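Trainee: How does the following fold in three dimensions:
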Amino acid sequence: MKESELIKLKYPIGNFEFSDKFIDLDKSNTYLQTIKSFPDKISLLIKENPRAIGWCYRPDGWNINQIVNHCIDSHTNAMLRIKWALTEDNPTIMPYKEKEWVSMEDADIVYLLESVQYLDLLHRRWCRILDSLDEDDLANTYFHPALEREFTIFEAMALYDWHCKHHYAHAQLCIESRGEYNT
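Mentor: Numbers count the residues shown, from 1 in each chain. Next up is the predicted model:
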């Protein structure tokens, strides 16, 4: 497979880009709506394509089950990072090893229904927090040591808007692959 084809599969909606200098409450509401709707969208995709849950979207890529479980791990961390940013002064967050986490026992494919339910409950709780934030809250920051920079909560919302769309596109590619990239 050509490198350009692999990049297109890795980043089907492109890389995350953020250049906003000012907090925009309309944009934060758009981000919130994407985050709110993600569990329902991924759940419907799984219900409509049950045979595809083990299919991968690219060589050495994740299958739908792994995508769901990665999103649980990532979005749990995101919610905690935002809570820290709301309760502490520019806290340093803790990165985690995504590939290792998604291969742990709790992410086994036999638990997919449970994982989808967990994702839904997680997003409900996370969105209650996000929905309550005002412009001052959105300006709060946390420090990401692996990336060596601060994130505002507003930028984190933009990142997780992208993250939901990014992994939903991966799940769609899993279905389109029809198992071509399974190992």
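Trainee: Tell me where the model's unsure across this protein.
Mentor: Scanning the chain for pLDDT under 70 picks out 183.
Trainee: just the helices in it please.
Mentor: Applying DSSP state H to the chain gives helices spanning 3-10, 25-48, 64-87, 98-102, 112-131, 135-138, 153-177.
Trainee: what angle do the last one and helix 112-131 make?
Mentor: Using axes from the mean of the first three to the mean of the last three CA atoms, to 10 degrees, the interaxial angle of helix 153-177 with respect to helix 112-131 works out to 150 degrees.
Trainee: What of the second one?
Mentor: Calculated by the same axes, to 10 degrees, helix 25-48 forms an angle of 170 degrees with helix 112-131.
Trainee: end-to-end on stretch 12-20?
Mentor: 22 Å (CA to CA, to the nearest Å).
Trainee: residue contacts, residue 145?
Mentor: 92, 93, 95 (CB atoms under 8 Å, 6 or more residues apart in numbering). Quick note: C-beta positions are derived from backbone N, CA and C, even for glycine.
Trainee: Could you pull up phi and psi at it?
Mentor: phi -70, psi -30 (degrees, to the nearest 10).
Trainee: top of the contacts of residue 145 by neighbour count?
Mentor: The most crowded member of those, judged by other CB atoms under 10 Å, is residue 93 (20 neighbours).
Trainee: Now it. Its backbone dihedrals?
Mentor: Dihedral angles (degrees, to the nearest 10) for residue 93: phi -90, psi 170.
Trainee: For the remainder of this discussion, apply numbering that starts at 20.
Mentor: Renumbered: residue one is now 20, and that last one reads residue 112.
Trainee: quick one on the thing from earlier: ok, the contacts of residue 164 vs residue 77, which is closest?
Mentor: Comparing these against residue 77 with CB to CB picks out residue 114 as the nearest, at 23.6 Å.
Trainee: Find the nearest non-adjacent residue to that closest one, please.
Mentor: residue 165 (4.4 Å; CB to CB, 6 or more residues apart in numbering).
Trainee: What does the one you found show for phi and psi?
Mentor: Torsion angles, degrees, to the nearest 10, at residue 165: phi -70, psi -30.
Trainee: how many other residues sit next to residue 143?
Mentor: 11.
Trainee: Just give me the residue right at the centre of the chain.
Mentor: residue 182 (4.0 Å; CA atoms, centre = their mean).
Trainee: residues contacting the closest residue to that one other than its chain neighbours?
Mentor: Leaving aside its chain neighbours, residue 182 sits nearest to residue 93 (6.5 Å; criterion: CB to CB, 6+ apart). Residues counted as contacts of residue 93 (CB under 8 Å, 6+ apart) are 117, 179, 182.
Trainee: is it true that residue 158 touches residue 172?
Mentor: Yes: at 7.4 Å, residue 158 counts as touching residue 172 under the criterion of CB atoms under 8 Å.
Trainee: which one of those two has more residues nearby?
Mentor: Legend: neighbour count by other CB under 10 Å for residue 158 and residue 172, higher for residue 172 (22 against 14).
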